[in-house]
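Engineer: 3D, please:
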Amino acid sequence: MTTPHGFSVSRYAPERGTLAKLTARDSVLRRLDWPILLSALALSGLGALLVWSATRGRTELNNGDPYYFLFRHMLNTGIGLALMIGTIWLGHRTLRGAVPVLYGLSIVLILAVLTPLGATINGAHAWIVIGGGFSLQPSEFVKITIILIMAMLLAAKVDAGDQLHPDHRTVAKALALAALPMGIVMLMPDLGSVMVMAVIVLGVLLASGASNRWVLGLIGAGVLGAVLVTALGMLDEYQINRFAAFANPDLDPAGVGYNTNQARIAIGSGGLLGAGLFKGSQTTGQFVPEQQTDFVFTVAGEELGFVGAGLILVLLGVILWRACRIARETTELYGTIVAAGIIAWFAFQSFENIGMTLGIMPVAGLPLPFVSYGGSSMFAVWVAIGLLQSIRVQRPMTA
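Structural biologist: Numbering: from 1, shown residues only. As a prediction, the model looks like this:
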């Protein structure tokens, strides 16, 4: 059988039980994309050191245990790896059948945030406190379900050979399903996550082969939506202040501009090789707020210098490069769309996080993938790695 793209699909690896059914000659280990896996592991390991440096002296946060955040970051990474393995074992095609259930569950979780179960952290009412010091940010998982639900709809008729490209009705349905969780997340308000989701939707549309009119219309709708959100006062005061500080860094250097100014001082003081791990004056002096999460890149810039910060960029670049290769090599539109959505997610979120520490992007409260402390974010990005690996593992077998 040949798809409309001209690729043969008769030699796909098995759809179910990937780990069990692949032969020794074509084992999962052989098929894994090792540059992606090793780069993600290196980022998580480097993140553990940076989080440790940022928190070991913060007794008000670590309850007097300097290893508290280090151990939890490592635990989060371990759970993330288990989720990645589970995702590979199930396979992205098997998960395709469960996408409606996963989408419905994600809607329930983000709606729960708007109930008394929800909690406000750093100005965003976007969390569910589970207990025992654990919390869940459902919007991180919504990023995955938006990718999967849109990919399922947009690729269905194309992969079946019925269409060359998604029709207008299918695109409209996909956008409506993406808009529902995005609207709920906006009510929290969690503007940073909504920005990432909007970029994901744009990346998915571009990869799907949908008409350019939809892409241009989506960009126009995004601009109009930003104007309306501002005009209707849907943004909290702290969010408006962040954009004001971005537009004019000297507006209030001791107030709304404090975070960015201190972040730039920390990164700028690192020079080529940095002050050395645990020796950064900005970090040990606790001048940069939220340094273990949103501003973790400042620890790398100050203590590891240009070389250490550049290493983070290189590792992120390797992940994006290999993900692009996976998206290009798969012979099913569903896999291409899923990979493209993950690429758009990782690329924009990394750019926004690092950009806000350098003052070239507004502060949006987004973690740096694999590096920042945070369970929900860590779990979500490792599931995304599992999806990328599954797409590669189940690619057509070579002779």
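
Engineer: identify the residues contacting residue 284.
Structural biologist: 57, 278 (CB atoms under 8 Å, 6 or more residues apart in numbering). No exception for glycine: its C-beta is placed from N, CA and C like everyone else's.

Engineer: and residue 314, how many neighbours?
Structural biologist: For residue 314, the count of nearby residues is 11 (other CB atoms under 10 Å).

Engineer: what does the one 3 residues further on give?
Structural biologist: Other residues near residue 317 number 13, with proximity taken as other CB under 10 Å.

Engineer: try residue 320
Structural biologist: 18.

Engineer: pretty sure it contacts residue 342?
Structural biologist: No. Assessed by CB atoms under 8 Å, residue 320 is found out of contact with residue 342, at 9.4 Å.

Engineer: could you check how far stretch 349-361 is from the centre of its chain?
Structural biologist: Chain-centre distance of stretch 349-361: 14 Å, with CA atoms, centre = their mean, to the nearest Å.

Engineer: quick one: buried residues of that stretch?
Structural biologist: For stretch 349-361, the neighbour count (16 or more other CB atoms under 10 Å) marks 349, 350, 352, 353, 354, 355, 356, 357, 359, 361 as buried.

Engineer: out of these, who's nearest residue 210?
Structural biologist: residue 349 (23.1 Å; CB to CB).

Engineer: am I right that the closest one falls within a helix?
Structural biologist: Yes. Checked against DSSP: H, G, I helix; E, B strand; the rest coil, residue 349 lies within a helix.

Engineer: I figured it hits residue 369, correct?
Structural biologist: Yes. If you go by CB under 8 Å, residue 349 and residue 369 touch, sitting 6.0 Å apart.

Engineer: now for the buried residues of stretch 349-361: which two are most distant?
Structural biologist: Taking CB to CB, the two most distant members of the buried residues of stretch 349-361 are 349 and 359; they sit 17.7 Å apart.

Engineer: and the next helix or strand past the helix or strand hosting residue 29?
Structural biologist: Using DSSP states H and E, residue 29 falls within helix 28-31. For helix 28-31, the following helix or strand on the C-terminal side (DSSP H and E) is helix 34-55.

Engineer: for residue 266, grab phi and psi.
Structural biologist: Main-chain dihedrals, residue 266, degrees, to the nearest 10: phi -60, psi -50.

Engineer: what about it, neighbour count?
Structural biologist: Neighbours around residue 266, by other CB under 10 Å: 27.

Engineer: still on that earlier bit, then the helix holding residue 29 to PDB, C-alphas only?
Structural biologist: The C-alpha trace of helix 28-31 is given here as PDB (Å, rounded to 0.1, in the frame of the first residue of the first chain):
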ATOM      1  CA  VAL A  28      14.300  -1.300  20.300                       C
ATOM      2  CA  LEU A  29      17.700  -0.500  21.600                       C
ATOM      3  CA  ARG A  30      19.100  -0.500  18.100                       C
ATOM      4  CA  ARG A  31      16.300   1.700  16.800                       C
END
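
Engineer: next, residue 394: phi, psi?
Structural biologist: phi -100, psi 20.

Engineer: do you know how far the closest residue to residue 68 other than its chain neighbours is from residue 28?
Structural biologist: Spatially, and ignoring its direct neighbours in sequence, residue 68 is nearest to residue 62 (3.9 Å; CB to CB, 6 or more residues apart in numbering). Distance, residue 62 to residue 28, using CB to CB, to the nearest Å: 39 Å.

Engineer: next one: residue 68
Structural biologist: As judged by CB to CB, residue 68 and residue 28 stand 35 Å apart.

Engineer: and what of residue 367?
Structural biologist: From residue 367 to residue 28 the distance is 29 Å (CB to CB).

Engineer: now residue 86
Structural biologist: Applying CB to CB to residue 86 and residue 28 gives a distance of 13 Å.

Engineer: those two - which one has more neighbours?
Structural biologist: Taking neighbours as other CB under 10 Å, residue 86 and residue 28 compare with residue 28 leading, 20 against 12.

Engineer: wait, that one sits on residue 394?
Structural biologist: No. When contacts are counted by CB under 8 Å, residue 28 is not listed as touching residue 394 (10.0 Å).

Engineer: which SSE is immediately downstream of the longest strand seen in the chain?
Structural biologist: Scanning the chain for the longest strand, with DSSP state E as the assignment, gives strand 124-131. Per DSSP H and E, strand 124-131 leads on to strand 134-136 as the next helix or strand towards the C-terminus.
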